[in-house]
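Okay, predicted coordinates and the sequence, questions at the end:
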Number of protein chains: 2
Amino acid sequence: MVSKYLAIYNEIMSKIENGRIECNTKLPSENDLMREYNVSRDTIRKALNLLEQNGYIQKIKGKGSFVLDINKFDFLVSGLTSFKELSEKIGVKSNTIVKELELIRPDKFLMNQLKVSKDDVIWKVVRVREIGDKKIILDKDFLNKKFVPLLTRDICENSIFEYIENDLGLKISFAKKEITVQQATEEDKNYLDLENYNVIVVVKNYIYLDDMSLFQYTESRHRPDRFKFVDFARRNC
Amino acid sequence: MVSKYLAIYNEIMSKIENGRIECNTKLPSENDLMREYNVSRDTIRKALNLLEQNGYIQKIKGKGSFVLDINKFDFLVSGLTSFKELSEKIGVKSNTIVKELELIRPDKFLMNQLKVSKDDVIWKVVRVREIGDKKIILDKDFLNKKFVPLLTRDICENSIFEYIENDLGLKISFAKKEITVQQATEEDKNYLDLENYNVIVVVKNYIYLDDMSLFQYTESRHRPDRFKFVDFARRNC
DNA sequence: TAGTGGTCTAGACCACGTG
DNA sequence: ACGTGGTCTAGACCACTAA
């Protein structure tokens, strides 16, 4: 069961994304929307607040809610979108090659990153992402077997994310992301079409479940010229 | 006048930051907090939602609200924090050198970025940021004179941000940030201590006011080994 | 003055987790 | 059975914008 305010959020959001509500126009007032959807004002406000947080609209006191045009062409790499969701959204031909898929014991680095002990068993997945025939991204995922008992080549070629959320029913709630630039390693050079670049953009992802348990650590290594991170931020309070 | 929920948010937030509320402990329940602060449940919930959005707590249905330890040591470069706020927060000795400060007419690139016409007048500010005696960051700011009539060397050495918010009373509401990696230019090499790096991390910032007008475009060019971007993201809905 | 969004309240019912 | 957070309602007052 989807809540009312989420349903309203999704409806307005897709109208904005499809252009059925034009940019820089004014949304109906909260009172109008109340009547339109037959809900209370609070429910409308929850939906509008979500739209505002995610950069779709800007509310101005005394005036109304206005549609922004920021999300239009820039795909936001921010948030928790997966590679599959992303490449589908921007409609670019892409391909995933699974290089490694195995169960390992964590070394010191991993014990620290994943906060596990040496007796835990960890899935290690190494994948190369091809975008337009070039090997651009090297993804290294580490998942605690406690949460994900089984992983197959098929799942990894499709989307680990989808498998976890849909099939396993685990709820991902938040992530911490860290972006740095490092010297390219031999592994990077072997697996990717790095051309003459000797540095690589490293995106570290720490992914947490609903119950606050850290269950996945991911390192995404991007060829620098093909990397772009877009973020939408609101000034706090 | 600060709203009640913001006051409560700030109080709990600073308790968490100071460690007066320990990590991984449970906050009082919403009902307890209602009584503690003598407000309605909705007001408490607004405060807690803000804390959750900003990564301070995680709410779990049926259990309670738990304090996260993510913000502890990582300074978040995400959001809209300015260089001055940031360097004060992490307590590193830093210095700003103003290289250029002048009024210009926009060229094609700027007209596009700032969405202004060729008759507008634009402040151009170029600053070098020293961190621990090394020139690490090159900041190029472009501000529409329509919004900021006067800029001085003093203001630029201190914080343009503070001046705009405190002295001019303009309200910054949101920003779009874009991170890419580019070849270092001659200007980068001249102004910065780049050592042997020939690439540079470029952070483009589009800053908007309360009324949705784009009033500042900023390019922050970082030496790659000293760049780190940390982001906290919640899975949408 | 009328309309807008921002805040706050009091009360209701639900779904989830624990004992 | 109980306490927790999640949703929804109806009504109130305020501050801001516009005509």
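That came through, no problem. Numbers count the residues shown, from 1 in each chain, chains lettered A, B, ... in the order given.

Isn't residue A:177 up against residue A:204?
Yes: at 7.1 Å, residue A:177 and residue A:204 qualify as touching, with contact defined as CB atoms under 8 Å. Bear in mind the C-beta positions are built from the backbone N, C-alpha and C, glycine included.

Just want to know which of these two has more residues nearby.
Ranked by neighbour count (other CB atoms under 10 Å in any protein chain shown), residue A:177 and residue A:204 place residue A:177 first, with 23 against 17.

So what pairs up with that one in the strands?
residue A:205, residue B:231 (DSSP bridges).

Flag every residue of chain A that's near DNA strand D.
Counting by CB under 7 Å from any atom of the strand, chain A comes close to DNA strand D at A:3-6, A:38-43, A:46, A:60-63.

Return the subset of the residues you listed lying in helices.
Judged by DSSP state H, the residues of chain A next to DNA strand D include A:4, A:5, A:6, A:41, A:42, A:43, A:46 as members of helices.

show me what contacts the last one?
Yep, that's residue A:46 we're talking about. Counting by CB atoms under 8 Å, 6 or more residues apart in numbering or on different chains, residue A:46 touches A:5, A:9.

thinking again about what came up before, check the residues of chain A next to DNA strand D for burial and list the buried ones.
Buried subset of those (neighbour count, 16 or more other CB atoms under 10 Å in any protein chain shown): A:4, A:5, A:39, A:43, A:46.

Quick check: the two most widely separated of those residues?
Greatest spacing in these, by CB to CB: A:39 and A:46 (9.6 Å).

overlap in contacts of the two?
Jointly contacting residue A:39 and residue A:46 under the rule CB under 8 Å, 6+ apart are residue A:5.

Quick check: next helix or strand after the helix or strand of chain A with the lowest mean pLDDT?
When the helices and strands of chain A are scored by mean pLDDT, DSSP states H and E, helix A:83-90 comes last with a mean of 65. Tracing the chain C-terminally past helix A:83-90 and defining elements by DSSP states H and E, one meets strand A:94-104 next.

List the buried residues for that next one?
For strand A:94-104, burial by neighbour count (16+ other CB under 10 Å) applies to A:94, A:96, A:98, A:101.

Stretch A:176-193 now?
Buried positions in stretch A:176-193, judged by neighbour count with 16+ other CB under 10 Å: A:176, A:177, A:178, A:179, A:180, A:181, A:184, A:188, A:191, A:192.

End to end on that stretch, go ahead and measure it.
For stretch A:176-193, the first and last residues are 28 Å from each other (CA to CA, to the nearest Å).

mean confidence score for it?
Averaging pLDDT along stretch A:176-193 gives 94.

Domain ranges for chain A, per the record?
Domain segmentation of chain A under automatic domain parsing yields A:4-67, A:83-226.

TSV for these, including distance to residue B:110?
Converted to TSV, the domains of chain A look like this (distance: least, CB to CB, whole Å):
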stretch	distance to residue B:110
domain A:4-67	22
domain A:83-226	24
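
By mean pLDDT, show me the worst of the ones you listed.
domain A:83-226 (a mean of 89).

Just the strands from chain A, written as ranges.
Secondary structure of chain A (DSSP state E): strands at A:57-60, A:64-67, A:94-104, A:122-131, A:134-144, A:172-183, A:199-209, A:214-222, A:229-234.

Residues contacting the fifth one, please?
The list of residues contacting strand A:134-144 from outside it, by CB under 8 Å, 6+ apart, reads A:83, A:97, A:106, A:110, A:113-114, A:116, A:120, A:122-131, A:151, A:160, A:187-188, A:191-193, A:215-223, A:226.

So which of those residues reach chain B?
Residues of the contacts of strand A:134-144 in contact with chain B (CB under 8 Å from any CB of the partner chain): none.

What subset of the residues you listed is buried?
Neighbour counting by 16+ other CB under 10 Å classes A:83, A:106, A:110, A:113-114, A:116, A:122-131, A:151, A:160, A:188, A:191-192, A:215-223, A:226 among the contacts of strand A:134-144 as buried.

The strands of chain A: which one's closest to residue A:33?
Across the strands of chain A, residue A:33 has its closest neighbour in strand A:64-67 (9.1 Å, CB to CB).

I'd like to know which elements the closest one is packed against.
Taking 3 or more CB pairs under 8 Å, 6 or more residues apart in numbering or on different chains; DSSP states H and E as contact, the helices and strands that strand A:64-67 lies on are helix A:41-53, strand A:57-60.

Buried residues, that strand. List them.
For strand A:64-67, burial by neighbour count (16+ other CB under 10 Å) applies to A:65, A:66, A:67.

okay but the second one is in contact with residue A:60, surely?
So the one you mean is residue A:66. Yes: between residue A:66 and residue A:60 there is a contact at 6.8 Å, judged by CB under 8 Å.

shared neighbours, the two?
residue B:212.

coming back round to it: which members of the ones in helices among the residues of chain A next to DNA strand D are the farthest-apart pair?
A:6 and A:41 (16.6 Å).

isn't residue A:171 right next to residue A:165, touching?
Yes: when contacts are counted by CB under 8 Å, residue A:171 is listed as touching residue A:165 (7.3 Å).

so which of the ones in helices among the residues of chain A next to DNA strand D comes closest to residue B:51?
Checking those against residue B:51 by CB to CB gives residue A:46 as the nearest, at 17.3 Å.

Check the gap between that closest one and chain B for me.
Separation of residue A:46 from chain B (CB to the nearest CB, to the nearest Å): 10 Å.

next one: residue A:230
Computed as CB to the nearest CB, the residue A:230 to chain B distance reads 5 Å.

Was I right to think that residue contacts residue B:178?
Yes: Residue A:230 lies in contact with residue B:178 (CB under 8 Å); the separation is 5.3 Å.

Can you name the residues of chain A that neighbour DNA strand C?
So far as CB under 7 Å from any atom of the strand goes, chain A lies against DNA strand C at A:1, A:27, A:29-32, A:41-42, A:45, A:48, A:59-65.

And the closest residue to residue A:13 other than its chain neighbours, how close does it get to DNA strand D?
Spatial nearest neighbour of residue A:13, chain neighbours left out: residue A:56 (6.0 Å); criterion: CB to CB, 6 or more residues apart in numbering or on different chains. Between residue A:56 and DNA strand D the distance is 18 Å, computed by CB to the nearest atom of the strand, to the nearest Å.

Touching, residue A:56 and residue A:67? I think so.
Yes: counting by CB under 8 Å, residue A:67 is a contact partner of residue A:56 at 6.9 Å.

Any idea how many residues pack against residue A:213?
Using other CB under 10 Å, residue A:213 has 12 neighbouring residues.

cool, and residue A:59?
Residue A:59 has 17 nearby residues by other CB under 10 Å.

Can you tell me the closest non-neighbouring residue to it?
residue A:65 (4.8 Å).

quick one: contacts for the one you found?
With contact set as CB under 8 Å, 6+ apart, residue A:65 has these partners: A:26, A:27, A:29, A:30, A:48, A:51, A:52, A:57, A:58, A:59.

and what of residue A:10?
Contacts for residue A:10 (CB under 8 Å, 6+ apart) come out as residue A:2.

ok, it to residue A:41 distance?
Per CB to CB, to the nearest Å, residue A:10 is found 19 Å from residue A:41.

cool, residue A:194 as well?
Per CB to CB, residue A:194 is found 55 Å from residue A:41.
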